[in-house]
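Undergrad: how would this look folded up:
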Amino acid sequence: MNIDERLEALTQSMELLASLHRDNEKRLERLDQHMEQFAQEMKGLGKRNVRLEGLVTEIAEGTARLLHVAEVHEQRISDLEGNQTQ
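TA: Okay, the predicted model is just below:
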């Protein structure tokens with residue numbers, strides 16, 4: 001192999017490396033875009049989760065109040081039934 005053939009082979013190798021490098025840079029740019037989009041979606045989910053937690057808390061508190069009312073009514077009914085048998 002003479003010097004010209006070596007130079008040609010080296011040139012082709014460098015062109016291939018440059019092409020691979022450009023492809024990798026494009027992939028990294030797309031990955032950065034996807035990561036940014038993912039981060040934005042996660043922020044949105046966090047806000048949604050806070051709202052859902054608030055709703056669940058309100059439902060649980062309302063259920064607890066209803067349970068208390070039902071227990072009070074049950075006690076009143078039991079008291080009235082007890083008074084009728086006496």
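Undergrad: can you give me the helices in the chain?
TA: Ranges of helices within the chain are 3-85, based on DSSP state H.
Undergrad: low pLDDT regions in it?
TA: Within the chain, the ranges that satisfy pLDDT under 70 run 85-86.
Undergrad: and if we set it to 80?
TA: For the chain, the stretches flagged by pLDDT under 80 are 83-86.
Undergrad: distance of His34 relative to Leu10?
TA: Distance of His34 to Leu10, given as CB to CB, to the nearest Å: 36 Å. In this view, the C-beta of every residue, glycine as well, is placed from N, C-alpha and C.
Undergrad: er, Thr57 I mean
TA: Counting by CB to CB, the separation of Thr57 from Leu10 is 69 Å.
Undergrad: ok, now Leu17?
TA: 11 Å.
Undergrad: repeat for Gly62
TA: 77 Å.
Undergrad: okay, now His73: neighbour count?
TA: The local packing of His73 (other CB atoms under 10 Å) involves 10 other residues.
Undergrad: my error: substitute Val56 in the last question.
TA: 10.
Undergrad: could you do Glu61 as well?
TA: 10.
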